[in-house]
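A.B. asks: structure of the sequence below:
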Amino acid sequence: MSNLIIIPTYNEIENIENIIRKVFSLEESFSILIIDDGSPDGTAKKVKELQKEFSNTLFIEERKGKLGLGTAYILGFKWALKKDYQYIFEMDADFSHDPNDLSRLLIACKEKEGDVAIGSRYVKGVNIVNWPMSRLLMSYFASKYVKAITGMPIHDSTAGFKCYNRKVLEKINLDKIEFVGYAFQIEMKFTSWKYGFNIIEVPVIFTDRQEGNSKMSGGIFYEALFGVIKMKVKSYFKNWK
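C.D. replies: Numbers count the residues shown, from 1 in each chain. Alright, predicted model coming up:
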């Protein structure tokens, strides 16, 4: 199997079984790697119960404590590269990313020559459901800001619903990725773009979670806003060949 979905979790007991079963019900075949940060609500225990049913396609890596979204994905990327996975996905556990869109991201990479496919909320207007206006505006203008500072031709720079061809993750020095919050998403896109990889934005509808609590905070966006300047300046001193 060549498709792996990485799902970081912290206290997702209300969602985890449903998202796993939904992914495995899709026509396309996927494996799932859960990266759980010591969820006290039993998320990891539920995943391990489900492994008895999905023994060859469901995997889990457990960490002690909340170590950050970026480090979770880096762990997942390294895990995937040690295996024979060709396409590696990022996805949330809370159904804000529609599992039915996974096939569209995969098509963008497999059939449309994308090296990175982004599930974009802003490539065709604003496609977000159930967010408060303050959060929507913060996210939307953060992406506009990133585009202005970096020059990246990407409408949704903070998107966390993505598919990578493994060659992108092989090229990027994952140990040099600095950010751990949502600025991680910007840094990965920026690095992929600077290396000349083809990035395709696939329009999706983002729906805010129905179950569980959001991990979003204002500090996450401030990290992205101020970190992007540092990232841009440092890029002038790096060889991108």
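
A.B. asks: which strands and helices sit next to the one helix or strand Leu4 maps to?
C.D. replies: Leu4 is located in strand 3-9, with elements delineated by DSSP states H and E. Using 3 or more CB pairs under 8 Å, 6 or more residues apart in numbering; DSSP states H and E, the elements in contact with strand 3-9 are helix 16-24, strand 31-36, helix 43-51, helix 69-82, strand 87-90. (Glycine included, C-beta is placed from N, CA and C.)

A.B. asks: off-centre distance for the first one?
C.D. replies: Yep, that's helix 16-24 we're talking about. Averaging C-alpha positions (CA atoms, centre = their mean, to the nearest Å) puts helix 16-24 17 Å from its chain's average.

A.B. asks: kindly report the same for the third one.
C.D. replies: How far helix 43-51 lies from its chain's middle: 21 Å, per CA atoms, centre = their mean.

A.B. asks: same question for the fourth one.
C.D. replies: On the basis of CA atoms, centre = their mean, helix 69-82 sits 11 Å off its chain's mean C-alpha point.

A.B. asks: please enumerate residues in contact with it?
C.D. replies: For helix 69-82, contacts defined as CB atoms under 8 Å, 6 or more residues apart in numbering pick out 4, 6, 8, 33, 35, 37, 59, 61, 63, 88, 90, 160, 164, 166, 169-170, 174-175, 177, 179-184, 187-188, 215.

A.B. asks: so, low pLDDT: which residues of the chain?
C.D. replies: Along the chain, segments meeting pLDDT under 70 span 1, 125, 127, 129-131, 209-222, 224.

A.B. asks: thinking again about what came up before, from the contacts of helix 69-82, list the buried ones, please.
C.D. replies: When neighbours are counted using 16 or more other CB atoms under 10 Å, these contain these buried positions: 4, 6, 8, 33, 35, 37, 59, 61, 63, 88, 90, 160, 164, 166, 169, 174, 177, 179-184, 187-188, 215.

A.B. asks: rewinding a little: format the helices and strands packed on strand 3-9 as TSV; extra columns: distance to Ile149.
C.D. replies: Shown next, in TSV, are the helices and strands packed on strand 3-9 (distance: least, CB to CB, whole Å):
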stretch	distance to Ile149
helix 16-24	34
strand 31-36	30
helix 43-51	36
helix 69-82	19
strand 87-90	23
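
A.B. asks: wait, which of the ones you listed is closest to Ala148?
C.D. replies: helix 69-82 (23.0 Å; CB to CB).

A.B. asks: buried sites along that closest one?
C.D. replies: Residues of helix 69-82 classed as buried: 69-77, 79-80 (neighbour count, 16+ other CB under 10 Å).

A.B. asks: would you mind giving these as a markdown table with distance to Arg21 added?
C.D. replies: Shown next, in a markdown table, are those (distance: CB to CB, whole Å):
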| residue | distance to Arg21 |
| --- | --- |
| Leu69 | 24 |
| Gly70 | 28 |
| Thr71 | 27 |
| Ala72 | 22 |
| Tyr73 | 23 |
| Ile74 | 27 |
| Leu75 | 24 |
| Gly76 | 20 |
| Phe77 | 25 |
| Trp79 | 22 |
| Ala80 | 22 |
